[in-house]
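Participant: Have a look; sequence and predicted model below, questions after that.
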Amino acid sequence: MTRTVLTLILLLAIPPLHADVLLIEQVRQAGRMAVPENGQTQAEVEARFGSPRSKSNPVGDPPITRWDYEHWNVYFEYDRVLVTVLHQGEVIDKEAPGA
């Protein structure tokens, strides 16, 4: 009986690894996603991925503009992609439209 209780206590003390595994898998999937790449122009992004849901006005100096797509946001410095940010929880494994 004591051994069973001790085993149960030890099992409950081990932190769950599920969240870490899920995060690693999301990072792997994100690496396979077709998303706008750093340095692409606004024209290249729009030609490959279509029109965004919305476009923000430029802010700051240098001007930073945000385009909102269904699964990510693209940030431009002048007319070049600075970074693409996935929406929280968005991991998809699809090719870009027209790719």
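Facilitator: That came through fine.

Participant: show me where pLDDT drops low in the protein?
Facilitator: 1-32, 89-99 (pLDDT under 70).

Participant: redo that, cut-off 50
Facilitator: For the chain, the stretches flagged by pLDDT under 50 are 18, 92-99.

Participant: hey, where'd the helices end up in it?
Facilitator: Taking DSSP state H, the helices of the chain run over residues 2-13, 18-32, 42-49.

Participant: Which other helices and strands does the shortest one contact?
Facilitator: Packing partners of helix 42-49 (3 or more CB pairs under 8 Å, 6 or more residues apart in numbering; DSSP states H and E): strand 64-68. For glycine as for every other residue, the C-beta is placed from the backbone atoms N, C-alpha and C.

Participant: List every C-alpha atom in the strand it packs on, with coordinates, as CSV.
Facilitator: What follows is strand 64-68, C-alpha atoms only, in CSV (Å, rounded to 0.1, in the frame of the first residue of the first chain):
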residue,chain,number,x,y,z
ILE,A,64,5.3,50.8,-40.5
THR,A,65,2.2,49.4,-42.1
ARG,A,66,0.1,46.3,-41.1
TRP,A,67,-1.9,44.1,-43.4
ASP,A,68,-4.3,41.7,-41.8
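
Participant: contacts for it?
Facilitator: The list of residues contacting strand 64-68 from outside it, by CB atoms under 8 Å, 6 or more residues apart in numbering, reads 42, 45, 52-59, 73-77, 82.

Participant: Looking at these, which is nearest Met33?
Facilitator: Nearest to Met33 among the contacts of strand 64-68: Val74, at 12.9 Å, using CB to CB.
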